[in-house]
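K.L.:
can't give you the sequence, but here's the structure:
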């Protein structure tokens, strides 16, 4: 029996939004963490490991996406598509992440 782990770096925009502490981890409706490494090219994903030593290294990365990440973002974008209708599924995806995924920032 072999144990294999996949540590996913938690992605938060709390400090970008002026908070002192991290409280909102980017996640889907079932609280599964948004895996930034899975929505980038291999070369861009490799940059994440060097982020702690060079804060500007991620400025040029581009969103490629995958079905899970696209669904997490879509649930957040269209959460109030039908006014007054609550479908019960909510992602915790920050508007900054959505803008980046759409190529707006």
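P.N.:
Nice, thanks for sending it over. Not measured: the values here are computed from a predicted model.
K.L.:
Can you name the element that comes right after the worst-scoring helix or strand of the chain on mean pLDDT?
P.N.:
Using mean pLDDT, DSSP states H and E, helix 42-48 stands out as the lowest-scoring helix or strand of the chain, at a mean of 86. Proceeding N to C from helix 42-48, the next assigned helix or strand is helix 67-77, under DSSP states H and E.
K.L.:
next SSE after that next one?
P.N.:
Downstream of helix 67-77, the next assigned helix or strand under DSSP H and E is helix 95-101.
K.L.:
list the helices and strands that following helix packs on?
P.N.:
Packing contacts for helix 95-101, counted by 3 or more CB pairs under 8 Å, 6 or more residues apart in numbering; DSSP states H and E, involve helix 67-77. Quick note: C-beta positions are derived from backbone N, CA and C, even for glycine.
K.L.:
average pLDDT for the helix it packs on?
P.N.:
What helix 67-77 shows for mean pLDDT is 89.
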